[in-house]
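Chemist: coordinates only, sequence not included:
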């Protein structure tokens, strides 16, 4: 055991020597470990962060990751009637392929598959979670790992959820950089509060025309907005029609109390045994406002300070830092860049950063 730690990610001896000479990089990848970190929160992001060929380098180089991806893909064929890996890793990377991945019928199973495979990979490296949090569909990955439902049932739910949500009328989602209080006057029968991600970041959902009109209004008031790459208005009134049909499906599977704590993004509190085993909870999950910021705050209040995001991009890690607001926390992304060739390096870098935390 060494208190003074430093790591370098390199593909060759020559690259290692070159990296050793980079003072700035070495300084960032160096630490003095004072306390051995024992608690790691696994975080799983939701829709809107997916990109083509996410994790492809890991799929090609890491057997544990590849086997987990293929296991999920094999189960999903029953429901999707295709190989989800062909959607994630298309033969041709073009607009049509991206549009297909953005379709919620595929993006939800794709994100679950990737998150599950990343979780299995880090566990194989000796990193085990003491708590979970998942944004929207990400909570299903959390629940699977926590033992609420098994992998086959989890994939049945996610595939069914994606198809049902995809069958409703198209809509839009808008990220708005402001507080819940400031956005309340703009909510209506057409505009719903879909998520509260951090103190000054909300997501609205509704009919496409209504969302576009509101975006123009907010931009004129210098309130920053961004349309999210989603196919529908998730967590809004537009999902009401599928809540009961989805609950009927949830009732067909066995639900258990979580073996590892899950911060619920529906309640902003720990997921109780009663909620975890309730078909109504998992059905309303697709309609309820995602209280990600409140759930992260719950984890912070319980003295969790080390977070690992298992999914594409760094949205959950960024939101966690925003929620912490100056409090000393470490939130690490495993697939930071959309550069698919760098996914192995990104995952290794995250592993090194975990080591620096003890």
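Modeler: That came in fine, so what should we check first? In this text, all values refer to a predicted model and were calculated from it rather than measured experimentally.
Chemist: which SS class is the closest residue to residue 162 other than its chain neighbours?
Modeler: Leaving aside its sequence neighbours, residue 162 sits nearest to residue 108 (Cβ to Cβ, 6 or more residues apart in numbering; 3.7 Å). Yep, even glycine has a C-beta here, placed from its N, CA and C like the rest. Secondary structure state of residue 108, per DSSP: H, G, I helix; E, B strand; the rest coil, is helix.
Chemist: thought residue 266 was touching residue 288, still the case?
Modeler: Yes. The pair residue 288 and residue 266 passes the contact test of Cβ atoms under 8 Å, sitting 4.8 Å apart.
Chemist: from residue 138, how far off is the residue nearest to the spatial centre of the chain?
Modeler: Centroid check for the chain by Cα atoms, centre = their mean gives residue 45 as the closest residue, at 0.9 Å. As judged by Cβ to Cβ, to the nearest Å, residue 45 and residue 138 stand 5 Å apart.
Chemist: what's the overlap in contacts for the two?
Modeler: Common neighbours of residue 45 and residue 138, using Cβ atoms under 8 Å, 6 or more residues apart in numbering, are 111, 115, 311, 316.
Chemist: what is the nearest of these to residue 211?
Modeler: Proximity of the shared contacts of residue 45 and residue 138 to residue 211 (Cβ to Cβ) peaks at residue 111, which lies at 22.2 Å.
Chemist: neighbours of that closest one, how many?
Modeler: By the criterion of other Cβ atoms under 10 Å, residue 111 has 31 neighbours.
Chemist: equivalent analysis for residue 178, please.
Modeler: Residue 178 has 17 neighbouring residues, counting by other Cβ under 10 Å.
Chemist: that one: what's it in contact with?
Modeler: Under the criterion of Cβ under 8 Å, 6+ apart, the contact partners of residue 178 comprise 200-202, 218, 223.
Chemist: neighbour-wise, which one of the residues you listed leads?
Modeler: residue 202 (24 neighbours).
Chemist: surely it is within a strand?
Modeler: Yes. Under the criterion used here (three-state DSSP), residue 202 sits inside a strand.
Chemist: distance of it from residue 295?
Modeler: Residue 202 is 15 Å from residue 295, by Cβ to Cβ.
Chemist: strands of this protein, residue ranges please.
Modeler: 4-6, 30-32, 41-44, 131-134, 172-176, 191-198, 201-206, 225-227, 262-263, 306-312, 330-335 (DSSP state E).
Chemist: now the ones you listed in CSV, with mean pLDDT?
Modeler: Formatted as CSV, the strands of the chain follow (pLDDT from 0 to 100):
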stretch, mean pLDDT
strand 4-6, 60
strand 30-32, 58
strand 41-44, 98
strand 131-134, 98
strand 172-176, 95
strand 191-198, 96
strand 201-206, 96
strand 225-227, 93
strand 262-263, 98
strand 306-312, 96
strand 330-335, 93
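Chemist: Serialize the ones you listed to a markdown table and add fields for distance to residue 96.
Modeler: Listed next are those as a markdown table, based on distance: least, Cβ to Cβ, whole Å:
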| stretch | distance to residue 96 |
| --- | --- |
| strand 4-6 | 45 |
| strand 30-32 | 45 |
| strand 41-44 | 27 |
| strand 131-134 | 29 |
| strand 172-176 | 20 |
| strand 191-198 | 27 |
| strand 201-206 | 25 |
| strand 225-227 | 20 |
| strand 262-263 | 37 |
| strand 306-312 | 20 |
| strand 330-335 | 23 |
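Chemist: tell me which of the ones you listed is the most buried.
Modeler: The highest mean neighbour count among the strands of the chain, using mean count of other Cβ atoms under 10 Å, belongs to strand 41-44: a mean of 29.
Chemist: direction included, what does that strand pair against?
Modeler: strand 131-134 (parallel), strand 306-312 (parallel) (DSSP bridges).
Chemist: of all those, which one is nearest residue 251?
Modeler: strand 131-134 (21.7 Å).
Chemist: ok, residues contacting the closest one?
Modeler: In contact with strand 131-134 (Cβ under 8 Å, 6+ apart) are residues 39, 41-46, 115, 139-143, 145-146, 258, 260-263, 265, 292, 295-296, 299, 302, 304, 316.
Chemist: check what pLDDT the nearest residue to residue 345 once chain neighbours are set aside gets.
Modeler: What sits nearest to residue 345 in space, not counting adjacent residues and going by Cβ to Cβ, 6+ apart, is residue 9, at 5.4 Å. At residue 9, the predicted lDDT confidence score is 73.
Chemist: my guess is residue 9 contacts residue 349, does it?
Modeler: Yes. Applying Cβ under 8 Å as the test, residue 9 and residue 349 come out as touching, 5.3 Å apart.
Chemist: sorry, back to before: any quick ChimeraX command for the buried ones out of the contacts of strand 131-134?
Modeler: To isolate the buried subset of those in ChimeraX, counting by 16 or more other Cβ atoms under 10 Å, use the following:
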select :41,42,43,44,45,46,115,139,140,141,142,143,145,146,258,261,262,263,265,292,295,296,299,304,316
